[in-house]
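Asks: give me a 3D structure for the following:
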Amino acid sequence: MGNALNGKHALVTGGGRGIGAAIAAALAGEGCRLTLLGRDRSRLESRARELAGDIQVVVADVADRAEVASAFAAARAAVGDVDILINNAGQAASAPLAKTDAELWQRMLAVNLTGAYHCVQEAAPAMVARGYGRIVNVASTAGLVGFAYCAAYCAAKHGVVGLTRALALEFATRNITVNAVCPGFTETDLIRDALANIKQKTGRNDTEAVAALVAHNPQRRLVQPAEVANAVLWLCLPGAEAINGQSIAIAGGEVT
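Replies: Residues are numbered from 1 along each chain as shown. Down below sits the predicted model:
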């Protein structure tokens, strides 16, 4: 446990499980006061009980502008302005283009890209006024390269990388940094669902399904949520002020 971020208010979207939960733990370990935002109150409250410290829970769908505004208002009332924003909430879905209908396309953009935009719009004004802020967007290696059968998801995550670069330049003189981390396949519930889908559609067993995913990673393994969280924490700690506008692959060398 450290105190390098003692008293800073960090809001983590999708903070109830997986990468978001790991990021929340890492930030709490450095003294942050936390707000966990997500759609499932019971999951968020369960995670909050597991963590020590000053932790608030707010419920919102990041794709819904009004819900995000209400959630941030509640977080500000309880904890104060947001110093550190982690845009982690997201969904992944794959389909060939012919089966990527408008609903799937819009859902991938709404959750993965527009949700980050909504949250930055809520957090940034106070950051600008105070002259301090750290924003980290959890993108994906799909935001750096293309993957077949993932057009909507890749488009959304490429958008997150573009948003990161644009905002980093816009806020560069305000002591606000904006960066992205781009995990490869990470051992979370999303990946477990992907493995089940691979097994169902291809008849592969557990070992074969995992091997199909980790084939993209030169280390031949799934990334761990804590490894992503460590990178996010570093970007928020004192000493990382010059790291701005970057999209850092956490993928064992998959993207070089």
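
Asks: list the buried residues of stretch 75-87.
Replies: Of all the residues in stretch 75-87, those buried under the rule 16 or more other CB atoms under 10 Å are 75-76, 79, 81-87. Yep, even glycine has a C-beta here, placed from its N, CA and C like the rest.

Asks: can you show me the CA trace of that stretch as PDB?
Replies: The C-alpha coordinates for stretch 75-87 follow below in PDB (Å, rounded to 0.1, in the frame of the first residue of the first chain):
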ATOM      1  CA  ALA A  75     -20.100  11.100  -7.400                       C
ATOM      2  CA  ARG A  76     -19.200  14.800  -7.100                       C
ATOM      3  CA  ALA A  77     -21.700  15.300  -4.300                       C
ATOM      4  CA  ALA A  78     -20.300  12.400  -2.300                       C
ATOM      5  CA  VAL A  79     -16.600  12.600  -3.000                       C
ATOM      6  CA  GLY A  80     -15.800  15.800  -5.000                       C
ATOM      7  CA  ASP A  81     -14.600  16.500  -8.500                       C
ATOM      8  CA  VAL A  82     -13.000  13.700 -10.400                       C
ATOM      9  CA  ASP A  83      -9.200  13.900 -10.600                       C
ATOM     10  CA  ILE A  84      -8.600  10.600 -12.400                       C
ATOM     11  CA  LEU A  85     -11.000   9.100 -14.900                       C
ATOM     12  CA  ILE A  86     -10.600   5.600 -16.100                       C
ATOM     13  CA  ASN A  87     -12.800   4.800 -19.100                       C
END
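
Asks: tell me which of the buried residues of stretch 75-87 fall in helices.
Replies: Judged by DSSP state H, helices contain the following of these: 75-76, 79.

Asks: and the protein, what are its domains?
Replies: Under the assignment automatic domain parsing, the domains of the chain span 9-184+224-249, 187-222.

Asks: got the CA positions of the lengthiest strand in the chain in CSV?
Replies: Secondary structure of the chain per DSSP state E: the longest strand is strand 176-183. Below are the C-alpha coordinates for strand 176-183, written out as CSV (Å, rounded to 0.1, in the frame of the first residue of the first chain):
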residue,chain,number,x,y,z
ILE,A,176,-4.0,17.0,-17.9
THR,A,177,-2.7,13.8,-19.5
VAL,A,178,-4.8,11.5,-21.7
ASN,A,179,-3.5,8.1,-22.6
ALA,A,180,-4.8,4.7,-23.6
VAL,A,181,-3.8,1.2,-22.7
CYS,A,182,-4.5,-1.5,-25.4
PRO,A,183,-4.7,-5.0,-23.9
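
Asks: any stretches of the chain with poor pLDDT?
Replies: Applying pLDDT under 70 to the chain picks out residues 1.

Asks: got the phi/psi numbers for the residue nearest in space to the middle of the chain?
Replies: Residue closest to the mean C-alpha point of the chain, counted by CA atoms, centre = their mean, is N88 at 1.9 Å. Dihedral pair for N88: phi -110, psi -20, per degrees, to the nearest 10.

Asks: likewise N217?
Replies: Here is the backbone geometry of N217 (degrees, to the nearest 10): phi -100, psi 120.

Asks: kindly report the same for K201.
Replies: Torsion angles, degrees, to the nearest 10, at K201: phi -80, psi -20.

Asks: stretch 128-139: end-to-end distance?
Replies: 24 Å (CA to CA, to the nearest Å).

Asks: buried residues in that stretch?
Replies: Neighbour-count burial for stretch 128-139 flags 132-139 (criterion: 16+ other CB under 10 Å).
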